[in-house]
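**Q** Here's a sequence, model it:
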Amino acid sequence: MAQPSLSEVQEALLADERLLQLFLQAQDDIVRSKGQLTHAATQHVPDSPLIASVVRSTAFSVQQQLPGAHQHGSSCPAAWSAKQVDGSAAAAVLNAVQQRWQTLVLERLHAAQMFLPDVPLASVSRTAQELDNLRRQVADLAESWERIGGSRSPFTAPFNAPSVGKLLYDAEDVLQALTAEVQVPTPSSNGAAAQSEAGARPSSGTDSSSGTAQQPVRTSLLQAVRAPSRAWLQSFFADLKPEKRQVGVDDVLHTWFREQQVQQAYRAAGTCSAAACRAAARTGLPASERPWVWAAALGLHAAPPAATAAAAAAASSAKAACGDGSSSSQAQPPTDAAALAAAAAAAADMHSDWWRLPSERDRQVLQLLCESVEQQVLLTDLLVCADVQRIADSEHYFVFEEAMRAMLLAFSRDASGSTSAAVPAAPRLAAEAAGGKQLRPYPPSGVLPFQGMASYLAPLCYLYEQPAAAYRVFAAMYGRYWCRLHTLNVQPAPSAGLPVLCRTFLELLQDVDAEVYRHLCRLGPAALDLAFPWIMAAFVGHLSPAETLLLWDRIIGFDSLLPLPVLAAAVMTFRRDLVLAVHSSDELLEVLEDLSQLKVVPLMQAVLFDT
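**A** Below you'll find the model as predicted:
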């Protein structure tokens, strides 16, 4: 059955009230049946592909489970380790899962418009006179981000309609897509041999001696990827070893170490070298220097030759003053701290203005994007505002609600959002004009809003006072890191995508504490069901803001999302006594609900390096 285009959806929904009646009737029927209406049963709905899509989307919303999705406890390796597939089969699994995922999200978008018939997919652009009339209502607000960020702004007034439940998708939907099984051909004898070399057991139907083809098997995307071993993780995270002093631990105990780290971070930011700034971030950054170092580590600055030379001289002086930075040289306060500070200050003073955020260009970019929001209303704007409202209910982030709303609305208009992302957005909606010309995606960023997107922006509001600065860093971090946390891809470590991150968590937990792992599987909610919301949200809303930023230091420092599954496994092992003492899933959820008092660095060190 062909999917209707976005224009067909819009025209039909606005023109035919019988669709709304059918939708409400189908919703009542599905609710009364407790979500037992299957996807296959909806294929026989009459009248048009659009009606069938609407009813199927209702079934998905009520059931909240994809066909073949996991049940609680099915993410235990005992249930699926024998189904590993080779690289070619993994690509087939990925393709099948992505097609199913695109169908689900598009149907959720159709359903969203059914709930909100007065909000079009894309409205007609406002005229200059209409814009002037609206701007006069908020004449006291000079900045464009203030005009669109306010909850009672005339530009966001159409977004006050009821929200659509789970938006387009949330962490539960993504997890179900990862664990939903699809049918793929099993590998040949060569593939089976490769699995054996990697330590995976070939499935029972393999005839490795004759090379005969096996019967197709059902497997999931989670089963189709490989995780790095604990030994590999120990090598990769060598800078996290306990013998190396860390911000987040030693700076609390030693004032001299905190001052030394401030100077080191200052020098690294002054060089504007991404490699130097990432190296500094691996052991954590002082709060005062974190904004500059992050910006440089993300490649948002390019130092002129004079500044680079001055910073290199400062670094040379620092090395002579402090030694090589090992634990033995850090055991005592540096003897020439005054010389160190003077050298760093001399280098930084030469370029103290141009390398700080936001630049004039940053302000102009945000202003243009906000003006684009003013000119045209999109259905996705309402979904963005609904997600911001969720994170704004937090005691830590509510003060940034207006700025976050403005920046995320602006991001939806940023065409560079899809072109600069490390992995492409999925699904990606785009229209094709007559003659085959490809039009811009919908929304312009190519990123459909989902529940939790605002989490990737909220902690940055603590670092950058100006929204233009926070927006630029957010866009860079999304393109480099966060886009991997809600898309389905099989990129391996260290640039791991979401499936590899989840598999890393599972195998690391089983390796470090098999007893906890087995107990979680017996209770009901599998380990991944509990940890997946932490991983997908990058722990925002679970840890305190200060600890979240320390965790993100390591993400930027190691240029990888692997700190997320490592910390998730560490939380489970840290609370092993409480976990082993509970006897029901409700008690287990209560034990793991509050992570706000946890310290990131000691936990990660323990799970990686404790024997």
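**Q** in this protein, which segments are predicted with low confidence?
**A** 1-88, 157-166, 186-215, 302-356, 430-438, 611 (pLDDT under 70).
**Q** Domain map for it?
**A** 6-76+87-118, 128-160+359-480, 247-349, 488-609 (automatic domain parsing).
**Q** Which of the ones you listed sits closest to residue 226?
**A** domain 488-609 (7.1 Å; Cβ to Cβ). Every C-beta, even on glycine, is put in place using the N, C-alpha and C of the backbone.
**Q** Can I get the domains of the chain in JSON lines including distance to residue 174 and mean neighbour count?
**A** JSON lines is the format used below for the domains of the chain (distance: least, Cβ to Cβ, whole Å; neighbours: other Cβ atoms under 10 Å):
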{"stretch": "domain 6-76+87-118", "distance to residue 174": "8", "mean neighbour count": "17"}
{"stretch": "domain 128-160+359-480", "distance to residue 174": "8", "mean neighbour count": "19"}
{"stretch": "domain 247-349", "distance to residue 174": "25", "mean neighbour count": "19"}
{"stretch": "domain 488-609", "distance to residue 174": "6", "mean neighbour count": "20"}
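**Q** wait, which of those is closest to residue 219?
**A** Taking the domains of the chain one by one with Cβ to Cβ, domain 6-76+87-118 is closest: 6.2 Å.
**Q** Select, out of the domains of the chain, the one closest to residue 222.
**A** Closest among these, once you apply Cβ to Cβ, is domain 488-609, at 5.6 Å.
**Q** Of all the domains of the chain, which one comes closest to residue 240?
**A** domain 488-609 (5.8 Å).
**Q** Now do the end-to-end distance for that closest one.
**A** End-to-end distance of domain 488-609 (Cα to Cα, to the nearest Å): 30 Å.
**Q** now swap in stretch 488-500 and tell me
**A** Taking Cα to Cα, stretch 488-500 runs 10 Å from one end to the other.
**Q** Please apply the same query to stretch 572-579.
**A** Using Cα to Cα, the two ends of stretch 572-579 sit 8 Å apart.
**Q** if we can go back for a sec, could you dump the domains of the chain into TSV and include distance to residue 183?
**A** Formatted as TSV, these follow (distance: least, Cβ to Cβ, whole Å):
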stretch	distance to residue 183
domain 6-76+87-118	8
domain 128-160+359-480	21
domain 247-349	41
domain 488-609	17
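**Q** Which of those sits closest to residue 184?
**A** domain 6-76+87-118 (4.7 Å).
**Q** Can you say which of the domains of the chain is nearest to residue 178?
**A** domain 488-609 (5.9 Å).
**Q** Buried residues of stretch 230-250, list them for me.
**A** 230, 233, 236, 237, 240, 244, 245, 246, 247, 248, 249, 250 (16 or more other Cβ atoms under 10 Å).
**Q** so where do the strands sit in the stretch 101-250 of the chain?
**A** 181-184, 217-220 (DSSP state E, counting those that start in this stretch).
**Q** Now do the first one: everything it contacts.
**A** Think strand 181-184. 68, 85, 89, 92-93, 96-97, 100, 216-220 (Cβ atoms under 8 Å, 6 or more residues apart in numbering).
**Q** how about CSV for the residues you listed, with distance to residue 552 added?
**A** Below are these laid out as CSV (distance: Cβ to Cβ, whole Å):
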residue, distance to residue 552
68, 35
85, 34
89, 35
92, 35
93, 31
96, 34
97, 29
100, 32
216, 42
217, 39
218, 38
219, 33
220, 29
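**Q** ok, so of the buried residues of stretch 230-250, who is nearest residue 554?
**A** For the buried residues of stretch 230-250, the nearest to residue 554 is residue 240 (7.3 Å; Cβ to Cβ).
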